[in-house]
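Asks: build me a model from this:
(one chain, ligands or ions: 3)
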Amino acid sequence: MSALSFASMFMPQRVLTALTAAYFKFTTWQALGQKEYHREPTTINHTTMNIHLVPALKDNYMYLLVDKESGNAAAVDPVEPEKLLQKVEELQVNLTTVLTTHHHWDHAGGNVELAKLRPGLIVVGGDERVGALTKQVKHGDEITLGSLKVKSLFTPCHTSGHICYFVDEKDPAVFTGDTLFVAGCGRFFEGNAEQMYKALIGILSELPDHTKVYCGHEYTLQNFKFATHVEPSNPAADEMKKRCENLRNEGKPTVPSTIGEEKKYNPFMRVKESSILQYTKTSDPVEAMKILRSEKDSF
Ligand SMILES: *[C@@H]1O[C@H](CO)[C@@H](O)[C@H](O)[C@H]1NC(C)=O
Ligand SMILES: *[C@@H]1O[C@H](CO)[C@@H](O)[C@H](O)[C@H]1NC(C)=O
Ligand SMILES: [Zn+2]
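Replies: Ligands and ions are numbered 1, 2, ... in the order given. Below is the predicted model:
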């Protein structure tokens, strides 16, 4: 995406969106040709909600969050609306809401079509560039989904309007888009290390450790290559890496992990740890964040 992000400095949003769409369609076609990215749809049973993971494009994840009590459902980043609606039909749930993490095409690119297919949908996001947006949220805003409360966490950096969505229950969940990945974090397209530090350390690390993490992409194995390079003697990283390799060999997603797990092996969540500060040769965790990200960009 670096050529595209470079282009984004010069092109109007409309042209850029079309270009990005073409790029993702091409890379998806390439990937499907190679059958390299197959992932099975999966359902995770929480106490008061079910979370259905639906693979999309080359390596994206869409999610259908269903409140068990009311049967009301929210789609997270439904970039392939028809595939998502198949799931809605199959489960016979009441789709009321779209939760958009950020405006990039591979996350928000299905919003306009979905809103056309299902008039009356509430489309939530933190950025005016999100298609079909009906409800712009800011940090701490709550959205009601049947008996569930979904809290918006403002986490700008990958994009300046990025939102993570936290569902607080006995068995909590957070949808992290392109801010936090399993063993990694998103690129700093529209922000800086200070903002990512605030997002990962100030906000996401403060969630309960048993919060399940549902991120926007299956990037886990690439991320572990970098994580184990940065911390070659971290047993938690070795163990989780092996677990994820086994899952991928079976065509299964590596999502979800938990916030507590990420703190043990994700270098970007560990910038206050002495091992990371030593590796980046600084005593400032924000500087460590900056150094790690720029190394990962060309890893
Ligand atoms: C989900 O988990 C609950 C216990 O937390 C259990 O009672 C229920 O049967 C499970 N449902 C499914 C579909 O596995
Ligand atoms: C779906 O949920 C909305 C909002 O709670 C409600 O107004 C509507 O009646 C529900 N529709 C069905 C078919 O249950
Ligand atoms: Zn993105």
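
Asks: use CA for all of it now, contacts and neighbours both
Replies: Will do.

Asks: part of a strand, is residue 129?
Replies: No - assigned with DSSP: H, G, I helix; E, B strand; the rest coil, residue 129 falls outside any strand and is coil.

Asks: model confidence for it, exactly?
Replies: On the pLDDT scale, residue 129 is placed at 98.

Asks: then residue 41?
Replies: The model reports residue 41 with a pLDDT of 84.

Asks: what about it, how many residues nearby?
Replies: Neighbour count of residue 41, defined by other CA atoms under 10 Å: 17.

Asks: settle this for me: it is touching residue 54, isn't it.
Replies: Yes - shown here, residue 41 and residue 54 form a contact pair, counting by CA atoms under 8 Å, at 5.0 Å.

Asks: can you list the residues of this protein near ligand 2?
Replies: Contact residues (CA under 6 Å from any ligand atom) of the chain with ligand 2: 72, 94, 96.

Asks: for the last one, which non-adjacent residue is spatially closest?
Replies: Nearest non-adjacent residue to residue 96, counting by CA to CA, 6 or more residues apart in numbering: residue 121, 5.3 Å away.

Asks: tell me how many other residues surround the one you found.
Replies: Neighbourhood size, residue 121 [other CA under 10 Å]: 19.

Asks: so it sits against residue 98, correct?
Replies: Yes - using CA under 8 Å, residue 121 is in contact with residue 98, at 7.1 Å.

Asks: neighbours of the residue of the stretch 51-200 of the chain found nearest ligand 2, how many?
Replies: Nearest residue of the stretch 51-200 of the chain to ligand 2 (CA to the nearest ligand atom) works out as residue 94 at 5.0 Å. Using other CA under 10 Å, residue 94 has 15 neighbouring residues.

Asks: give me the spatial nearest neighbour of it, chain neighbours excluded.
Replies: Nearest residue to residue 94, sequence neighbours excluded (CA to CA, 6+ apart): residue 72, at 4.6 Å.

Asks: so that neighbour touches residue 121, yeah?
Replies: No - if you go by CA under 8 Å, residue 72 and residue 121 don't touch, sitting 11.7 Å apart.

Asks: need the residues touching each of these two.
Replies: Jointly contacting residue 72 and residue 121 under the rule CA atoms under 8 Å, 6 or more residues apart in numbering are 95, 96.

Asks: alpha carbons of whatever helix or strand residue 164 lives in, as CSV, please.
Replies: Using DSSP states H and E, residue 164 maps to strand 163-167. Provided in CSV are the C-alpha atoms of strand 163-167 (Å, rounded to 0.1, in the frame of the first residue of the first chain):
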residue,chain,number,x,y,z
ILE,A,163,-12.2,3.6,16.2
CYS,A,164,-12.0,0.3,18.2
TYR,A,165,-15.2,-1.1,19.6
PHE,A,166,-15.3,-2.7,23.1
VAL,A,167,-18.1,-4.8,24.3
